[in-house]
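Q: Provided below for reference: sequence and predicted model.
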Amino acid sequence: MRIIILFAASAFTFASVTASAQTFGPAIQGLCLLSRNGAIGASRAGQSMQAQLKQMQGALSGDLARQRSSIDQQRRTLEARQNSTAPIEYQRQLSALNQQAQAIEQQQNVRFIAAQTRGQQQIDQALGTALGRIVTRANCSVVLERDNSYGWNNAMDITPIVAQEMDSLLQSVTLQ
């Protein structure tokens, strides 16, 4: 269940943000705007990461369900023998099954977070390189986060060209 929450947060982070701001006045020379989430979401690497994380989340959830089913079966068997088992032994075995179930879930979460971190590092590296190149080409004196603006002149928005430059650097990420 926690994996699903992590994936949902991850998907939200990379959701492409549509630029639908009004054009406010003339472009300001040297001032550039970038939507980090928009650039990542529009890039092939960002889309690759989201697809792989979704696939991994499904696989991990399936594995977790199978392992939980096995533990639940062991728990039902234990409960059926409860009257013929010493109370202390019953509690010890039940506790061991509960710990086993918790450990499996924690392992799944650790695997998912590690994969997500590996992918994010690759994307961050490509974004940094792409942004450096575009800032130089566009003669940006300052780059501000576009998503925190109420409006802008689209001529100052470097998000689409940063996403294109990211595509030239990194087509997909490797999570495993």
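A: Received, thanks. Because the structure is a prediction, the values reported are computed rather than measured.

Q: Now the residue nearest to residue 111 when sequence neighbours are not counted: which helix or strand?
A: Ranked by CB to CB, 6 or more residues apart in numbering and with sequence neighbours excluded, the top spatial neighbour of residue 111 is residue 60, at 6.7 Å. In short, each C-beta sits where N, CA and C put it, glycine included. Under the criterion of DSSP states H and E, residue 60 resides in helix 44-80.

Q: remind me which residues of the chain are low pLDDT?
A: Low-confidence segments of the chain, defined by pLDDT under 70: 1-22.

Q: The longest helix belonging to it - contacts with which helices or strands?
A: For the chain, the longest helix by residue count, based on DSSP state H, is helix 87-137. Packed against helix 87-137 by the contact rule (3 or more CB pairs under 8 Å, 6 or more residues apart in numbering; DSSP states H and E) you find helix 2-14, helix 36-42, helix 44-80, helix 159-169.

Q: So for the longest one, what gets flagged as buried?
A: Using 16 or more other CB atoms under 10 Å as the test for burial, helix 44-80 gives 44-50, 52-53, 56-57, 60-61, 64, 67, 74-75, 78.

Q: and it, what does it pack onto?
A: helix 2-14, helix 36-42, helix 87-137, helix 159-169.

Q: Could you pull up the contacting residues of residue 156?
A: Contact partners of residue 156, counting by CB atoms under 8 Å, 6 or more residues apart in numbering, are 27-28, 31-33.

Q: Also residue 172?
A: By CB under 8 Å, 6+ apart, the contact set of residue 172 is 44-45, 48-49.

Q: re the thing from before, quick one: strands adjacent to the helix or strand following the longest helix of the chain?
A: As assigned by DSSP H and E, the chain's next helix or strand after helix 87-137 is strand 142-145. Strand 142-145 pairs in its sheet with strand 31-34 (parallel), by DSSP bridges.

Q: Give me the neighbour count for residue 88.
A: As a burial measure, residue 88 scores 8 neighbours (other CB atoms under 10 Å).

Q: ok, now residue 171?
A: 13.

Q: Next, it: secondary structure please.
A: coil (DSSP: H, G, I helix; E, B strand; the rest coil).

Q: hang on, isn't it packed against residue 48?
A: Yes. Using CB atoms under 8 Å, residue 171 makes contact with residue 48 at a distance of 7.1 Å.
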